[in-house]
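# sequence and predicted structure below; questions after.
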Amino acid sequence: MAFLPGPCGAPLPGTPECLQVVEKDCIEVLKVYDECLLTDNVFFSLSPISPTLCPGVDAGDTAVCKLNSASVTCTITPLGFVNNTFFQNFAITQTISAIVSIYTPSSPGTPICVISEILTGGVMTTLWAPPGTVALCTPVSIGPCACVITVTSATSTLTCMATICKDIRTEAMVKLLVPTFGFCEAVPCNTSPFPFSCSATFSFQPQRCPAAPTITLINTAGASITGISVTVTRPGLPSETAITSATGTATFNNPNIGAIFGGIDTITFTYPAGGGGKPISFAVPSEFLDVTTGHLFPATTVCSLVFTQTASSPTISFAVTINGIATTITVDP
């Protein structure tokens, strides 16, 4: 049967089939680590309205604002990390130029004056931004501009406001392994040997998990191990502890955790609970082998860990599953 292009279908004549992956490609791309859409307002206020700038402004006059969409700017400035985590605060500043025409009720078709002004505004936001990432701000869309003229016995004021929607993101250049989408590493070229060693060190920053990271404990009977305190220890930060639930899962909801980081974090728990339990310690590796295929996978960012007990005598041991992939790793064999 011929392999047809298109989505995978049932193995019936004339239906597309899934081809087996026979090649891995390494691509270098800009990876987005965090992203959000931010909408807020920009303003300007002119008080008083100078007679030389616009003579004869009175109550009942109207102002029409026209924005120059090509003039919009958006800058992002880092304000520092939050509590020694990979979260950073950023100040967002945006501007846009506007032409404001002021009309009187007696002459609605011809402005008595035209004023050029810059609308500005600022706001703060927080993004996942490990060292090595770059923060960017890109205007997406611009809302209408509205102006109000306020006249009192003492002064006259012109106030205008518009809304700008922005794409805020942090990104870094990384190498991705397709189709498994893991980080990739260079290997030595097949050339004549040299009298020194050539090696490259790659530092891929951890990502943020889409949901709170979890650690699950399962006993030799395949049942959940409940009521166990599981701790994630990260250098330079206070340890975070969660207790396994009825499903045997400890969920780390503290947003400062973000993910479990291979090569950085250590997982510890005592099993069985109570007196006489054995301390279990697991330094999360930066990469691991798939026990089924022997393929090497990166563990820079770990969103789920499963410890499955394989033995209790003569010593307690656990097999480790990382991000849903069973590994060759055994803890305390």
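Received, thanks.

# need the contact list for the residue nearest to Gly262 when sequence neighbours are not counted.
Nearest residue to Gly262, sequence neighbours excluded (Cβ to Cβ, 6 or more residues apart in numbering): Ala299, at 3.4 Å. The way it works is simple: take the backbone N, C-alpha and C, and place the C-beta from them, glycine included. Contacts for Ala299 were tallied using Cβ atoms under 8 Å, 6 or more residues apart in numbering; they are Gly262, Gly263, Val284, Pro285, Ser286, Glu287, Phe288, Ile322, Asn323.

# check Pro78 too.
Pro78 makes contact with Gln88, Asn89, Phe90, Ala129, Ala135, according to Cβ under 8 Å, 6+ apart.

# go again with 7 Å.
Gln88, Phe90, Ala135 (Cβ atoms under 7 Å, 6 or more residues apart in numbering).

# again with Asp332
Residues near Asp332 by Cβ under 7 Å, 6+ apart: Ile280, Thr315, Ile316, Ser317.

# doesn't the second one belong to a strand?
No: according to DSSP: H, G, I helix; E, B strand; the rest coil, the state of Thr315 is coil, so it is not within a strand.

# ok, it to Ala250 distance?
According to Cβ to Cβ, to the nearest Å, Thr315 and Ala250 sit 23 Å apart.

# what about the two, which has more around it?
Just comparing Thr315 and Ala250: by other Cβ atoms under 10 Å the higher neighbour count belongs to Ala250, 24 against 9.

# so Cys113 touches Val100, yeah?
No: with contact defined as Cβ atoms under 7 Å, Cys113 does not count as touching Val100 (8.8 Å).

# more neighbours, the two?
Just comparing Cys113 and Val100: by other Cβ under 10 Å the higher neighbour count belongs to Val100, 22 against 17.

# mind checking the backbone torsions on that one?
Note on Val100: its backbone torsions stand at phi -110, psi 120 [degrees, to the nearest 10].

# and it, what pLDDT?
We note a pLDDT of 93 for Val100 in this prediction.

# alright, I will stop here.
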